[in-house]
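Chemist: no sequence for this one, just the structure:
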Ligand code: SAH
């Protein structure tokens, strides 16, 4: 997987390549999908959600430019796979998932694989996680029409955020947001396709 899908497509950040080699992706997919765990595609994880394609996980992680001091906020824990990749490189990972069942499943796998630097919270990621802010990096793994204000606030000066922005699933772009003391800079970097980042009003009926 790593040679064919990651390195050959130009991802040469050694920390990311090592992390992609270290994390057992088959632990994060459903039992009936294990034979497809290392293939070049997103896979269903239940509740209409997906674990992202390995290349997209690697690309987003490499765009963040993490180091061993990074404190990362992830919105959309899903299977917990992206959180594990982040945790291989960063100091601490805080991840928020709105669907309780997925958060619980992810917590189990994370524990089983012995990651001590990942915390998972159930809630609306659009609000961020104030308790541990500011974050040096933020990664949003569901598509939003806007950049949620709370996330911009909770991003540290000189911090970087990656977020898929777009209205429909066909017109999303991964956007890199860089925050400096002089303001915010945004840059479109890759067309992508993510499930939507859901809003407060829809949450109560999706949660359980
Ligand atoms: N990063 C995941 C894939 C994420 S799929 C992985 O590695 O497997 C997107 C996830 O975002 C879904 O699990 C979905 O339930 C979650 N999500 C959608 N809207 C959300 C919101 N407002 N707050 C938190 N999580 C949300």
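Modeler: Done, it's in. Please read these numbers as outputs of a predicted model, since none were measured by experiment.
Chemist: count of neighbours near residue 158?
Modeler: 10 (other C-beta atoms under 10 Å). Backbone N, C-alpha and C define where each C-beta goes, glycine included.
Chemist: what does residue 196 give?
Modeler: Using other C-beta under 10 Å, residue 196 is surrounded by 16 other residues.
Chemist: nearest spatial neighbour of it, skipping sequence neighbours?
Modeler: In space, residue 196 comes closest to residue 143 once its chain neighbours are excluded; the distance is 5.5 Å by C-beta to C-beta, 6 or more residues apart in numbering.
Chemist: what's near enough to touch the one you found?
Modeler: By C-beta atoms under 8 Å, 6 or more residues apart in numbering, residue 143 lies in contact with 164, 165, 166, 169, 172, 192, 193, 194, 195, 196, 197.
Chemist: what's the helix or strand that contains the first one packed up against?
Modeler: Translated: residue 164. Element membership for residue 164, per DSSP states H and E: strand 155-165. On a contact count with 3 or more C-beta pairs under 8 Å, 6 or more residues apart in numbering; DSSP states H and E, strand 155-165 meets helix 54-64, strand 135-140, helix 149-154, strand 172-180.
Chemist: redo that, cut-off 6 Å
Modeler: Applying 3 or more C-beta pairs under 6 Å, 6 or more residues apart in numbering; DSSP states H and E, we find strand 155-165 packed against helix 54-64, strand 135-140, strand 172-180.
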